[in-house]
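Novice: Okay, structure incoming, though there's no sequence with it:
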Ligand SMILES: [Zn+2]
Ligand SMILES: [Zn+2]
């Protein structure tokens, strides 16, 4: 029997797998375009996702995640920020 594949992206807080959730503000582009008039389009970094195009969301329930932080991760927030490695 093969071991389950280790997901690449784990929750900073509880260590569960995370799934990518594309940003709905910029459709995963990371930047948004704004028509400032006279045919001029300005693009700027999406403020919803800080230009990342989405975020890694913890797949455990919010309650599990909150109540079961990994040792030393009590202060981490749910999801994956890259701050703690994978
Ligand atoms: Zn979690
Ligand atoms: Zn965005």
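Specialist: Arrived safely. This one's a predicted model, so the numbers in the text were calculated from it and none came from an experiment. Numbering: from 1, shown residues only. Ligands and ions are numbered 1, 2, ... in the order given.

Novice: show me what contacts the residue with the largest distance to the centre of the chain?
Specialist: Outermost residue of the chain with respect to the C-alpha centroid, by CA atoms, centre = their mean, is residue 38; its distance is 35.8 Å. With contact taken as CB atoms under 8 Å, 6 or more residues apart in numbering, residue 38 is in contact with no other residue. (Glycine included, C-beta is placed from N, CA and C.)

Novice: Could you check how far the residue nearest the centre of the chain is from residue 36?
Specialist: What sits nearest the mean C-alpha location of the chain, by CA atoms, centre = their mean, is residue 55, with 1.9 Å. Distance, residue 55 to residue 36, using CB to CB, to the nearest Å: 28 Å.

Novice: is it true that the residue nearest to the centre of the chain lies in a helix?
Specialist: No. Applying DSSP: H, G, I helix; E, B strand; the rest coil, one finds residue 55 to be strand, outside a helix.

Novice: This protein: helices as residue ranges?
Specialist: Counting by DSSP state H, the chain has helices at residues 62-67.

Novice: near ligand 2, which residues of it?
Specialist: Remark: the part of the chain in contact with ligand 2 comprises 23, 25, 26, 46, 48, 49, using CB under 5 Å from the ion.

Novice: Go ahead and confirm the last one touches residue 32.
Specialist: No. With contact defined as CB atoms under 8 Å, residue 49 and residue 32 do not form a contacting pair (10.0 Å).

Novice: Let me know how buried residue 54 is, in neighbour terms.
Specialist: 19 (other CB atoms under 10 Å).

Novice: cool, the one 10 residues further on as well?
Specialist: Residue 64 is surrounded by 15 other residues when neighbours are defined as other CB under 10 Å.

Novice: Might you list the low-confidence residue ranges for this structure?
Specialist: 1-7, 85-86 (pLDDT under 70).

Novice: Spatially nearest residue to residue 60 (excluding sequence neighbours)?
Specialist: By the measure of CB to CB, 6 or more residues apart in numbering, the closest residue to residue 60 outside its immediate chain neighbours is residue 16, 3.9 Å from it.

Novice: for the chain, what spans make up the strands?
Specialist: 18-22, 31-37, 40-45, 54-58 (DSSP state E).

Novice: Pick the most buried one from those strands.
Specialist: Most buried of those, by mean neighbour count (mean count of other CB atoms under 10 Å): strand 54-58, with a mean of 19.

Novice: With that, I have no additional questions.
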